[in-house]
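Peer 1: Need coordinates for the below:
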Amino acid sequence: MMLNRPSALLYFILASPNPSAQDNADVAKIEKQLVNAHGSEEADLRARLAKVLVLQAAAEYEQDHVDQAEQSLEKVLSECKRATTVAMAAGSKEKTVEIRLREISRRLNEIARSVPFDNRAYIEHVRQSVEALRTKLLDHMFKKK
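Peer 2: Residues are numbered from 1 along each chain as shown. Below you'll find the model as predicted:
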């Protein structure tokens, strides 16, 4: 029997341990590592943190906690901005950060398609902002010397 997409997603959410509890543990772990991180390591950790926060926001939207999800998306955007700035300043881990920004953008697109129309505008705003940061990073990586 083939499950349709919403049923399959619901099955995996219900079959797995509490996703937001795991995400919260991941967020705390990464934030702890960020305390002593500098340069390219900081950029990489911030991009990883943003990716985990996107997963957390997805779980919050699934549980119909829209306000919490939007707060998570604010943090996503903030971490993406900081990761981009630090990667550009450090001059390394730029490609890693760019890949994570692309993954975040794709995930945001998936989230936007899965939520009610009324909730899509903010998600799309965050996605477009992440894409702008990604473009800025790519321009920096391939600028003419």
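Peer 1: Centre-most residue in this protein?
Peer 2: With distances taken as CA atoms, centre = their mean, Lys51 lies nearest the centre of the chain, 3.2 Å away.
Peer 1: What helix or strand is that one located in?
Peer 2: helix 39-62 (DSSP states H and E).
Peer 1: Which strands or helices does the next helix or strand after that helix pack on?
Peer 2: Sequence order places helix 66-90 as the next helix or strand after helix 39-62, per DSSP H and E. When contacts are defined as 3 or more CB pairs under 8 Å, 6 or more residues apart in numbering; DSSP states H and E, helix 66-90 sits against helix 39-62, helix 94-114, helix 120-141. For glycine as for every other residue, the C-beta is placed from the backbone atoms N, C-alpha and C.
Peer 1: Compute the inter-axis angle for helix 66-90 and helix 94-114.
Peer 2: Orientation of helix 66-90 against helix 94-114 (axes from the mean of the first three to the mean of the last three CA atoms, to 10 degrees) gives an angle of 160 degrees.
Peer 1: hmm, back to that, now for the helices and strands packed on helix 66-90, which one comes closest to Ala83?
Peer 2: helix 39-62 (3.7 Å; CB to CB).
Peer 1: Tell me how far Ala58 lies from His140.
Peer 2: Note on Ala58: its distance to His140, by CB to CB, to the nearest Å, is 29 Å.
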